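Enquirer: Provide a 3D model corresponding to the input given below.
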Amino acid sequence: MELQLKTERQHKIADFLWQAQDQEMVNLILKTFGHDAHIVYNMMVASILDDDESTDVAEQVLDKIFKE
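Expert: You can find the predicted model right below:
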């Protein structure tokens, strides 16, 4: 999934978030840039989750459900 950011500000925020070394820095970026930063952050997280194709946990849950 590719992020479809609408403004230059959102692009800069995405760059800052991508370069953040730890959660403390991410939190500072979110606090500093507010609403736009939260939108970009959530879009980045959604993109990562969308790309994750692991199903091992889901398989375990389904196995447990169907065995009961």
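
Enquirer: before we move on, which element is the spatially most central residue of the chain in?
Expert: In the chain, the centroid-proximal residue (Cα atoms, centre = their mean) is residue 45; its distance is 0.9 Å. Using DSSP states H and E, residue 45 falls within helix 23-51.

Enquirer: mean confidence score for that helix?
Expert: Averaged over helix 23-51, pLDDT sits at 91.

Enquirer: Can you list the helices and strands that that helix packs against?
Expert: With contacts defined as 3 or more Cβ pairs under 8 Å, 6 or more residues apart in numbering; DSSP states H and E, helix 23-51 has these neighbours: helix 8-19. Heads up, the C-betas are built off the backbone N, CA and C, glycines and all.

Enquirer: how much does the helix it packs on deviate in direction from helix 23-51?
Expert: Counting by axes from the mean of the first three to the mean of the last three Cα atoms, to 10 degrees, helix 8-19 lies at 100 degrees to helix 23-51.

Enquirer: helices or strands up against helix 8-19?
Expert: For helix 8-19, the packing partners by 3+ Cβ pairs under 8 Å, 6+ apart come out as helix 23-51.

Enquirer: how far does the helix it packs on sit from the chain's center?
Expert: Remark: helix 23-51 is offset 7 Å from the chain centroid, using Cα atoms, centre = their mean, to the nearest Å.
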